[in-house]
Every structure is written in structure tokens, then in C-alpha cells.
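Q: How does the following fold in three dimensions:
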Amino acid sequence: MSKNGRVLVAMSGGIDSSLTAVLLHEQGYEVIGMTMKTWDYASSGGTKKETGCCSLDSINDARDIAVSLGFPHYILDIREEFGDYVINYFTEEYLNGRTPNPCVLCNTHIKWDALLRRADKLDCEWIATGHYANVRKHTNGRYVISKGVDLQKDQSYVLWGVSQQSLARTLLPLGKFKKTEIRQMAQERGFTELVKKSESYEICFVPDNDYRGFLKRRVAGLEQKVAGGNFVLTDGTIVGKHEGYPFYTIGQRKGLGIALGYPVFVKEIRKETNEVVLGRDTDLYQDSMIVDKLTMGKYENLIGMPTETITKIRYNDEGTPALIEQFEEGYMRVYFHKPVRAIAPGQAAVFYEGDDVIGGGWIHSGYNR
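A: Okay, the predicted model is just below:
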């Protein structure tokens with residue numbers, strides 16, 4: 001047994017997860033690598049060549065790293081549980097007129113759980129991933145996700161749903177480094193091919209980045225069921241017909257096929273009436289929202305304790321100062337100190353106190369006070 005214990009490292013074959021394994025190996029951990037097969041590109045029906053974390057090339061790249069450093073590597077097939085949970089959620093959210101965030105759901109409910117179950121079978125005290133974030137134990141005894149040093153790569157936003165039990169066994173060694181440093185480390189260690197690899201930011205099961213096409217292939221007869229609804233303005237005026245409410249997202253401007261003499265954007269999606277509400281850019285701003293299905297991080301709960309935060313409503317959002325009020329178990333009201341644009345039901349909202357994640361949840365609805 002090594003001096004630091006045994007760690008199961010999620011290895012996608014990319015530079016970040018590979019350097020995670022390398023650094024932990026150098027720090028004296030007994031490393032076991034595991035690559036998770038979540039999806040078959042061929043089954044998506046898309047046209048793009050198979051690339052990314054589930055491809056055979058990526059699996060082989062991860063295995064090559066393990067072989068070069070002398071630690072074991074396994075492939076874990078979680079296609080069934082991934083498909084049943086993440087893909088069904090993705091599809092159902094769009095059919096409910098919401099905009100899903102499958103990567104958050106996959107991290108928190110599939111990958112972490114799958115890793116921990118296998119870690120227990122392999123007698124691993126720890127699991128590790130290549131996320132740019134930090135995890136630490138607060139003085140109140142709770143485990144806290146914090147922003148990574150590299151704010152351009154920070155991934156704390158997608159980790160708000162990881163449970164306390166999981167965080168207690170999680171190592172995130174890249175959180176203390178900038179991406180440029182990781183690239184340099186890989187170069188210095190002779191892993192030049194890792195440095196050359198391009199990074200994918202697409203949803204893994206929509207490799208051609210065409211979620212509309214994916215929905216059409218996934219749900220038989222979807223186009224016929226939802227086509228022909230009305231585009232309406234905020235005052236109810238009908239201005240055209242749309243292709244189906246699941247094919248639009250809050251804030252969308254391109255692809256509407258509507259000419260009114262001024263720019264219009266999707267403001268609201270009404271599943272019940274198959275209507276897509278359009279408005280000017282100024283109509284997209286709201287100063288409040290309700291968030292549900294909370295997972296609390298730094299504090300167990302904030303009921304009766306209004307708290308000042310920086311709140312992010314999407315991954316690339318810089319965040320906006322806001323007062324949050326937890327009004328019952330699992331629900332939060334958020335009052336922004338200035339209106340924010342395009343609050344999209346179904347996206348994740350994450351609350352920060354400094355660099356620390358207080359908690360997060362799913363946006364239920366936005367509104368103006």
C-alpha cells in the first residue's frame with residue numbers, strides 16, 4: 001500500500017484527466033485508472049466522426065498513460081445507466097419546454113456514483129477527476145467545492161450537485177494549477193500527444209451539436225406532434241408559426257424565421273399551448289427567480305438566514321450579486337441586485353460566497369418583483 005492510499009482516477013484520455021493520474025502517481029498515491037464508456041456515437045444517428053471521451057482512441061490514450069506509469073486501467077461500461085437517466089432527462093426537459101444541463105446531471109448522479117461504487121470494490125479510499133476546482137473541509141465540518149485557481153477554466157459550477165459523502169472522498173489536484181501549467185507539465189513529462197489533442201465542449205451524446213436533430217431521432221413523430229404552434233408577442237399578438245416548442249431556447253435569436261423590422265428573441269416557452277413568446281432584448285431581463293431541487297454545500301441549509309451571494313445562471317456566466325432566501329427544504333428565492341438576461345428554466349443556478357459554492361439547484365422560473 002502506498003503512503004497516501006489508493007485512488008481511482010476517472011480517465012477520459014484527455015490532458016486534464018491524464019495529468020490528474022500522473023500527478024497523484026508522483027505524489028505517492030496508488031493509482032487505478034478507469035475510463036467510463038457512457039455513449040455510443042453510432043446510436044445517436046449523428047453525422048460527426050466519433051471523437052471525445054467515449055471513443056476508442058480516447059480509451060486507448062488513457063490506457064497508454066496507465067501502462068507507461070505502471071498502474072492498472074479498467075473500462076467501465078455505464079451506457080445503460082447513463083442512457084436511462086441522462087438521455088431520458090435531456091429529452092423530457094425539452095419536451096417540457098425547459099433547457100436541460102445534462103453535464104451537471106451526469107457528473108453528480110452518474111459519474112460520481114459509478115466511480116464510488118467501483119472504488120469500494122477496488123478498496124480505493126479516494127476517487128479523483130480532472131476538474132479545475134478545489135474541495136476542502138470547512139470549519140463547520142462540511143465539505144466545500146471552491147473555484148479553481150484558473151478562473152478561465154474553473155468548473156466549480158458543474159459540481160454543485162456532488163453530495164457531501166462523495167466530496168469527502170474526492171481529490172481534485174488540478175484546482176491548484178492553471179491550464180497553461182498543466183500543458184507545460186505534460187510537455188516536460190514527454191506526453192506531447194496530450195498537448196496536441198483538441199478539447200471538445202459538446203454534449204457527448206450530441207456530437208454534431210444538433211440537439212434538434214437528436215430530439216427528432218429520439219422521439220418518434222415529434223415534428224408532427226409539436227409543429228404549427230404560434231409565435232406570439234408579449235401582448236399576445238400572433239406573428240407566425242413555429243416548428244415546435246422543443247426546438248427553441250430562452251434568449252434565442254437566430255433561426256426564428258420572423259421579420260418584424262426589429263430584433264426579437266425567445267422570451268418564454270409555453271408547452272401547454274404550444275406557443276413560443278417573442279420579445280425585444282429588454283424583455284429578457286428579470287430580477288428574481290425560484291430555484292428548486294437544491295443541493296447545499298458550504299451550509300446545511302439557510303432557512304431563515306437571507307444570504308448575500310454571487311449567483312451564476314449558466315456555465316459561462318460571470319455571476320451577479322443577489323440575495324438568496326431558502327423558504328423551505330429544497331427551494332430558494334433569488335433576488336438579483338440588477339436584472340439578469342435570459343433566465344432559462346431547466347438550467348442550473350449556483351450560489352457563491354467568495355470562491356466557495358454555497359449550493360445550487362435547478363431554475364424553476366424567473367420573474368420580476
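Q: ranges for the helices of the stretch 101-250 of the chain?
A: In the stretch 101-250 of the chain, the helices defined using DSSP state H, counting those that start in this stretch lie at 102-106, 112-121, 164-167, 179-188, 192-196, 211-218, 222-226.
Q: How about residues contacting the fifth one?
A: To tie it back to what came earlier, the one meant is helix 192-196. Taking Cβ atoms under 8 Å, 6 or more residues apart in numbering as the criterion, the residues outside helix 192-196 that touch it are G14, I15, S18, L19, D61, R183, A186, Q187. No exception for glycine: its C-beta is placed from N, CA and C like everyone else's.
Q: most neighbours, which of those residues?
A: Ranked by neighbour count (other Cβ atoms under 10 Å), the contacts of helix 192-196 have S18 at the top, with 28 neighbours.
Q: give the contact list for that residue.
A: By Cβ under 8 Å, 6+ apart, S18 lies in contact with M11, D61, A62, I65, G130, A186, F191, L194.
Q: I'd like those residues as TSV, with pLDDT and distance to R333 appended.
A: As requested, the contacts of S18 are exported to TSV (pLDDT from 0 to 100; distance: Cβ to Cβ, whole Å):
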residue	pLDDT	distance to R333
M11	95	41
D61	90	46
A62	91	44
I65	93	46
G130	96	35
A186	95	45
F191	91	48
L194	88	45
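Q: Take stretch 12-21, keep the C-alpha atoms, and write them as PDB.
A: Taking only C-alpha atoms (Å, rounded to 0.1, in the frame of the first residue of the first chain), the coordinates of stretch 12-21 have been written out as PDB:
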ATOM      1  CA  SER A  12     -11.100  10.200 -20.400                       C
ATOM      2  CA  GLY A  13      -7.900  10.100 -22.400                       C
ATOM      3  CA  GLY A  14      -7.600  13.900 -22.400                       C
ATOM      4  CA  ILE A  15      -4.800  16.000 -21.000                       C
ATOM      5  CA  ASP A  16      -6.600  17.000 -17.800                       C
ATOM      6  CA  SER A  17      -7.600  13.600 -16.500                       C
ATOM      7  CA  SER A  18      -4.300  12.100 -17.700                       C
ATOM      8  CA  LEU A  19      -2.300  14.700 -15.700                       C
ATOM      9  CA  THR A  20      -4.600  14.100 -12.700                       C
ATOM     10  CA  ALA A  21      -3.400  10.500 -12.700                       C
END
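Q: Show me which residues of stretch 89-102 are buried.
A: Of the residues in stretch 89-102, those with enough neighbours to count as buried (16 or more other Cβ atoms under 10 Å) are Y89, F90, T91, E93, Y94, L95, G97, R98, T99, P100, N101, P102.
Q: Now the fourth one: closest residue in space, sequence neighbours ignored.
A: Setting aside the residues directly before and after it, E93 is nearest to P100 in space (Cβ to Cβ, 6 or more residues apart in numbering), at 3.7 Å.
Q: cool, the third one as well?
A: Nearest residue to T91 in three dimensions, chain neighbours excluded: R218, at 5.4 Å (Cβ to Cβ, 6+ apart).
Q: Is that neighbour in contact with E92, as I believe?
A: No - with contact defined as Cβ atoms under 8 Å, R218 does not count as touching E92 (10.5 Å).
Q: residue ranges with poor pLDDT in this structure?
A: Applying pLDDT under 70 to the predicted model, the residue ranges of the chain that meet it are 1-2, 40-55, 200-201.
Q: care to break it down by domain?
A: 6-196, 226-279, 285-367 (automatic domain parsing).
Q: Can you say which of the ones you listed is nearest to E202?
A: Taking Cβ to Cβ as the criterion, domain 6-196 is the member of those that comes nearest to E202, at 7.5 Å.
Q: Could you tell me the end-to-end distance of that closest one?
A: The stretch domain 6-196 measures 30 Å between its terminal residues, going by Cα to Cα, to the nearest Å.
Q: Stretch 23-31 too?
A: With Cα to Cα applied, stretch 23-31 spans 10 Å between its terminal residues.
Q: cool, and stretch 294-313?
A: 14 Å.
Q: Let's have the contacts of helix 192-196 in CSV, adding distance to G330.
A: Output for the contacts of helix 192-196, formatted as CSV (distance: Cβ to Cβ, whole Å):
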residue, distance to G330
G14, 35
I15, 38
S18, 38
L19, 37
D61, 41
R183, 41
A186, 42
Q187, 46
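Q: Go through those and say which is closest to T249.
A: Here the nearest of these to T249, counting by Cβ to Cβ, is G14; it sits at 27.6 Å.
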